[in-house]
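*Asks:* predicted model, plus sequence, below.
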Amino acid sequence: MNMKINVQSLRRARYVAGALLLGVATTFASVFTPSVSAGTLSARTGTMSNAAASASTVTYQFTFTPTTTDPIKAVVIDFCNDNPTIGGSVCTKPTGMTVGASSIAFSASVGTGGTWTGAVDVGTTRTLTLSNASNAGTTGTAITLSVGGFTNSSVVGTFYARILTYGSTTTGYSSASPGTIGSPIDSGSVAMSTSNSVNVSGTVPETLSFCVSAADLTASTCASATDPVLRLGTGSNPSILNPGQTYNGSVYSKVSTNAANGVTIRMKNVFNTCGGMSRAQNSATCDLPAVGTSPSALTTGAGFGMRAANALSSGGTGSMTIDTPYTHASNFGLDATTGGTTGDNVTGTYGDRVTYSTAPVDAMNTTYTFGVIASNVTPAGLYTAQMSLIAVGSY
C-alpha cells in the first residue's frame, strides 16, 4: 500500500513603521577680553547632551583651564541671550530656558575635599552658582564640569554662558558688577547654540519566512527546499505497509520572523475528518487512526502519528517549544479529538499547535517524523493523509 503525505505552508507578511529621532548639537567658543580684573579662562568650550530647542532633562558640560592655581570655591555660570561680555549690564535669559542645578560633577583637577552643590538665582532664574567651601587648590590644568536638569531655549539660535571662578562661596555676582563683594579669579565666556533636529525615519516590515521540504534544510535559507512528499512502507512506488511493522519518514520546515511575540506552527489534516489515514477523502473513518494524545511506539495494532524536534541552522537565533503529544523522543502522537478553548486538534478549523516561540526567531528548523503501522485486519487499499503546516506570526 502506498501513502502520500502532502505538507503545505502558509507565508504572511505585514508592515509596520518605525521612526528614529536624531538630535544634532553644535557649540561655538567666543574669544573676547573681559572687562573685569581677572585672569582669562583658556581652552573654553561648552556642549550639551541634546541641542534641540525646548529639549528637557539636558546635561550641560563646560571645560576650561584656569590661569592660576588659586583654590576655586565657587563657579558662576550666567546664561545670556544678548552677548558674552563679562561685566556687561545687559543679560537676558534665553527664551524658555530652565537652568539646571542637579547631577553636578567636576573633574579631579578642580581640587579635593567637600561636595559641590548648585543653586539658581531666584531673581534672575538664569544664574547658576556651583559652590564648595571645602575645596582645596586647583592644578592649573583643564577643568571639566557637568550639570543636569536643563531645559533648552525654545528658540533656535546662539546664546552665551559667562563663566567666572571665585575663591569664596560668597561671590556677590551680578551681570553688571561681577566683583561687588569679591573679584573673580578667572573668567571667560562660551557661545552655544540650539538647533533643529534631523528627523530620520525608516520602515522595517513585519516578516515571516516559512517553507516545508522533503530534504533536510541545513542551510540558512529555503533555497534547498524540495516537494514534501512521503511514501511510507517497503519500496518506493508502490510502498507496502506490511502488517505489524512500523514505518516512519520525516519532512522538515524552516521559519524566520521578526514578530515580537513569536510564531506558531500548526498542523491540520485536510484530507479527512478522522485525523488519521483513510482510503477516501473527507472520510470519518480512519482504518489507520490517529494515535491520540498519549504517545505510542506503534508496535501493535494499527495507527498513525507524528513526533517533532527543533534545531537552529548555523548562525540562527531564538528558540521554539514543541507541544504535547509531539515531544517524545521515539514514540508518536497525533491529537484528533481534544477540544479546549482553542479547539486544538488536527481536525479542527485551524489545526493543532505543534511548535511555537514567544519571541522572534531566525532560521529555526523543525523535523516532523511520521510513523504508521498496519494490522493483520487493516483493509487493503491506498491510504492517504494530507497534512497542512501553517505558520502564523504574533506581532
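*Replies:* Alright, I've got the coordinates. Numbering: from 1, shown residues only.

*Asks:* pLDDT score for Ala108?
*Replies:* With respect to pLDDT, Ala108 scores 88.

*Asks:* cool, Gly23 as well?
*Replies:* Note for Gly23: predicted pLDDT of 33.

*Asks:* next: Ser256.
*Replies:* According to the per-residue confidence, Ser256 scores 96 in pLDDT.

*Asks:* report the secondary structure state of it.
*Replies:* In the three-state summary, Ser256 is assigned as strand, counting by DSSP: H, G, I helix; E, B strand; the rest coil.

*Asks:* what's near enough to touch Gly167?
*Replies:* For Gly167, the residues meeting the contact criterion (C-beta atoms under 8 Å, 6 or more residues apart in numbering) are 70-74, 182, 185. Quick note: C-beta positions are derived from backbone N, CA and C, even for glycine.

*Asks:* could you export these to a markdown table, including columns for distance to Tyr350?
*Replies:* Formatted as a markdown table, the contacts of Gly167 follow (distance: C-beta to C-beta, whole Å):
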| residue | distance to Tyr350 |
| --- | --- |
| Asp70 | 80 |
| Pro71 | 77 |
| Ile72 | 73 |
| Lys73 | 75 |
| Ala74 | 73 |
| Gly182 | 81 |
| Ile185 | 78 |
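
*Asks:* in strands only, show me these.
*Replies:* The strands, defined by DSSP state E, take in Ala74 from the contacts of Gly167.

*Asks:* which of the contacts of Gly167 are buried, as a PyMOL select command?
*Replies:* In PyMOL, the members of the contacts of Gly167 classed as buried (16 or more other C-beta atoms under 10 Å) are selected with the following command:
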select buried, resi 70+71+72+73+74+182+185
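
*Asks:* turn the contacts of Gly167 into JSON lines, columns for pLDDT and distance to Ala290.
*Replies:* Rendered in JSON lines, the data for the contacts of Gly167 read as follows (pLDDT from 0 to 100; distance: C-beta to C-beta, whole Å):
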{"residue": "Asp70", "pLDDT": "89", "distance to Ala290": "90"}
{"residue": "Pro71", "pLDDT": "92", "distance to Ala290": "87"}
{"residue": "Ile72", "pLDDT": "93", "distance to Ala290": "84"}
{"residue": "Lys73", "pLDDT": "94", "distance to Ala290": "85"}
{"residue": "Ala74", "pLDDT": "94", "distance to Ala290": "84"}
{"residue": "Gly182", "pLDDT": "59", "distance to Ala290": "93"}
{"residue": "Ile185", "pLDDT": "91", "distance to Ala290": "90"}
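
*Asks:* and of the contacts of Gly167, the nearest to Gln61?
*Replies:* Ranking the contacts of Gly167 by separation from Gln61, with C-beta to C-beta as the measure, puts Ile72 on top at 17.0 Å.

*Asks:* nearest residue to the closest one other than its sequence neighbours?
*Replies:* Computed as C-beta to C-beta, 6 or more residues apart in numbering, the closest residue to Ile72 that is not its neighbour in sequence is Thr165, at 4.7 Å.

*Asks:* for that neighbour, give the beta-bridge partners.
*Replies:* Beta-bridge pairing for Thr165 (DSSP bridges): Val75, Asp186.

*Asks:* in contact with Thr57: list those residues for me.
*Replies:* Contacts for Thr57 (C-beta under 8 Å, 6+ apart) come out as 148-151.

*Asks:* now rank those residues by neighbours and give me the top one.
*Replies:* Highest neighbour count within these: Phe150, with 23 neighbours (other C-beta atoms under 10 Å).

*Asks:* please identify the helix or strand for it.
*Replies:* In this structure, Phe150 is located in strand 143-150 according to DSSP states H and E.

*Asks:* can you give the strand pairings for that strand, parallel or anti for each?
*Replies:* Counting by DSSP bridges, the strands paired with strand 143-150 are strand 58-65 (antiparallel), strand 102-106 (antiparallel).

*Asks:* can I get the ones you listed in CSV with mean neighbour count and distance to Asn242?
*Replies:* As requested, these are arranged in CSV below (neighbours: other C-beta atoms under 10 Å; distance: least, C-beta to C-beta, whole Å):
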stretch, mean neighbour count, distance to Asn242
strand 58-65, 20, 79
strand 102-106, 14, 80
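
*Asks:* for Val255, find the nearest of those.
*Replies:* Nearest to Val255 among the strands paired with strand 143-150 is strand 58-65 (44.6 Å), distances taken as C-beta to C-beta.

*Asks:* who touches the closest one?
*Replies:* The set of residues external to strand 58-65 that reach it, using C-beta under 8 Å, 6+ apart, is 41-50, 77, 100, 103, 140-148, 150-152, 161, 163, 186, 188, 190.

*Asks:* show me how far it is from its chain's centre.
*Replies:* Between the mean C-alpha point of strand 58-65 and the mean C-alpha point of its chain there is a distance of 32 Å (C-alpha atoms, centre = their mean, to the nearest Å).

*Asks:* contacts only, for Asn83.
*Replies:* Applying C-beta under 8 Å, 6+ apart to Asn83 gives the contacts 90-91, 160.

*Asks:* that one - that's part of a strand, no?
*Replies:* No. Remark: Asn83 does not belong to a strand; assigned using three-state DSSP, it is coil.

*Asks:* can you get me the start-to-end distance on stretch 65-84?
*Replies:* Stretch 65-84 has its terminal residues 18 Å apart, counting by C-alpha to C-alpha, to the nearest Å.

*Asks:* er, stretch 198-207 actually
*Replies:* The first and final residues of stretch 198-207 sit 28 Å from each other (C-alpha to C-alpha).

*Asks:* out of the contacts of Gly167, flag the one nearest to Val361.
*Replies:* Minimum separation from Val361 among the contacts of Gly167 (C-beta to C-beta) is found for Ile72, which lies at 57.9 Å.
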